[in-house]
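K.L.:
Provided below for reference: sequence and predicted model.
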Amino acid sequence: MLTALHTRWSRGIVGYSFKTNNLPWVIRFMKDQGLWAEVVSSDEYRLAELLGFDAAHIIFNGPVKGKSEFMDAVEHGAVVNIDSKRELHWLEECDKTFLDHANIGLRVNFCIEEYCSGESQCGSEDGRFGFSYERGELYDSIRYLRKIGANLAGLHLHCSSKTRSVHIYKAIASVVQKIVHEYHLDLQYVDIGGGFFGGMVGKPSFDDYFEAIYDVFSHDPLLKNVNIIVEPGMSLIGSSVSYVTEVVDVKKTKNNLFVLLDGSRIHIDPLMRKSSYTYHVEKKDNSIKASECDEQILCGFTCMENDRFFKLKAPELQPGDRVIFEKVGAYTMGLSPQFISFYPPVAVMQNGELKVVRRKNEAEDFLKSNI
Ligand SMILES: Cc1ncc(COP(=O)(O)O)c(C=O)c1O
């Protein structure tokens with residue numbers, strides 16, 4: 001990703017999306033690769049600070065920021081993408097000496113469906129973030145910034161799509177172009193958000209995405225010198241995490257065969273939406289010939305009936321066998337509830353060695369922040 005970006009914009013910025021996977025080890029790893037922090041709440045902002053990010057390397061997004069973190073970010077050089085009128089008003093309370101060179105951006109709300117029909121996550125209901133271009137709220141915000149003497153450094157246009165297609169980024173580029181010309185903007189950055197595929201065969205590559213933007217920006221006198229910010233999450237961490245479960249028991253009921261695992265769907269499908277999984281099975285004893293059996297329903301440790309992963313015909317599973325779910329690094333660990341069992345341990349494989357980077361959370365950990 002860095003190569004694809006820097007070939008086109010030598011100062012291009014990659015901000016790692018904390019919410020995608022906020023495991024401190026992962027965040028530190030991203031930081032060590034030179035990535036900035038992309039945070040969407042005051043809690044994430046403070047986490048970034050505690051993990052050693054300088055405010056100047058934080059991109060502060062999100063619809064509900066806290067006032068003191070917002071002001072701290074504006075005054076200490078973070079990229080702050082404003083999402084609501086409340087935040088615009090807070091600017092007037094910031095130290096005036098910072099405002100004319102602060103890195104303030106506006107999140108743009110535009111109708112992506114008009115450009116990429118059927119591809120956006122919210123369809124004809126509109127996305128709910130930022131200031132509407134079509135309704136004039138974006139222009140009102142630009143005028144507000146001009147009136148109070150605040151520097152409009154950038155525009156932020158993250159779009160969550162169902163398709164992660166290159167069309168989305170072409171649409172973003174053309175909307176930026178339209179806005180910049182219509183309102184005579186002289187921007188320092190355009191933040192095109194995240195939402196990319198992460199190097200999957202047959203899917204767009206980082207080069208494909210960035211070229212779509214570069215193709216438009218590099219030919220436009222108002223955009224050829226702007227810097228680009230990207231905020232990937234899924235494309236960086238999704239495929240590198242596996243969830244290891246072990247068979248605890250096998251039960252026959254009148255009509256079914258249930259295989260009980262020591263893991264749960266709440267850890268890898270917390271929104272209970274998945275209909276398929278990438279996985280492989282490791283038999284405890286490979287000498288036992290894999291035999292066919294009745295269809296097995298793989299279930300998790302919670303007491304919810306719908307904690308069922310999927311049905312499996314073969315191989316027949318026995319206690320001690322492992323089912324390893326792959327590509328579960330995005331929107332899983334950070335969304336997992338403390339339901340029935342507290343957070344599971346996490347280990348990192350580095351140079352052939354497995355190192356525990358988060359121990360299993362125990363009842364004592366759970367009690368710590370309670371009275
Ligand atoms: C503002 C913003 N930036 C970045 C991301 C990361 O997106 P992804 O994980 O799809 O790359 C999201 C995800 O919803 C987001 O809302």
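P.N.:
Ah, there it is.
K.L.:
with just CA atoms, put the biggest helix by length in the chain into CSV.
P.N.:
Secondary structure of the chain per DSSP state H: the longest helix is helix 166-182. Output of helix 166-182 as CSV, limited to C-alpha atoms (Å, rounded to 0.1, in the frame of the first residue of the first chain):
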residue,chain,number,x,y,z
VAL,A,166,-12.7,1.2,-8.1
HIS,A,167,-15.9,3.1,-9.2
ILE,A,168,-16.3,4.3,-5.6
TYR,A,169,-12.9,6.1,-5.8
LYS,A,170,-13.6,7.4,-9.2
ALA,A,171,-16.8,8.9,-7.8
ILE,A,172,-14.9,10.4,-4.8
ALA,A,173,-12.4,11.9,-7.2
SER,A,174,-15.0,13.5,-9.4
VAL,A,175,-16.9,14.9,-6.4
VAL,A,176,-13.7,16.4,-5.0
GLN,A,177,-13.0,18.0,-8.3
LYS,A,178,-16.5,19.5,-8.5
ILE,A,179,-16.4,20.9,-5.0
VAL,A,180,-12.9,22.4,-5.3
HIS,A,181,-13.8,24.2,-8.5
GLU,A,182,-17.3,25.3,-7.4
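K.L.:
packing partners of the following helix or strand past it?
P.N.:
Sequence order places strand 189-191 as the next helix or strand after helix 166-182, per DSSP states H and E. The elements that strand 189-191 packs onto, with contact taken as 3 or more C-beta pairs under 8 Å, 6 or more residues apart in numbering; DSSP states H and E, are strand 79-82, strand 103-109, strand 152-156, strand 227-230. The way it works is simple: take the backbone N, C-alpha and C, and place the C-beta from them, glycine included.
K.L.:
enumerate the residues of this protein near the ligand.
P.N.:
Contacts of the chain with the ligand, taken as C-beta under 6 Å from any ligand atom, map to 17, 20, 38, 61, 158, 160, 193-196, 231-235, 330.
K.L.:
pull out the buried residues from those.
P.N.:
Buried members of those, counted by 16 or more other C-beta atoms under 10 Å: 17, 20, 38, 61, 158, 193-196, 231-235, 330.
K.L.:
looking at the residues you listed, which is nearest Phe310?
P.N.:
Using C-beta to C-beta, the shortest approach to Phe310 within these belongs to Ala330, at 19.3 Å.
K.L.:
residues contacting that closest one?
P.N.:
Contacts for Ala330 (C-beta atoms under 8 Å, 6 or more residues apart in numbering) come out as Thr20, Asn21, Gly233, Met234, Ile237, Gly238.
K.L.:
what do you get for Asp307?
P.N.:
Asp307 touches Ser264, Arg265, Ile266, Cys299, Gly300, Phe301, counting by C-beta under 8 Å, 6+ apart.
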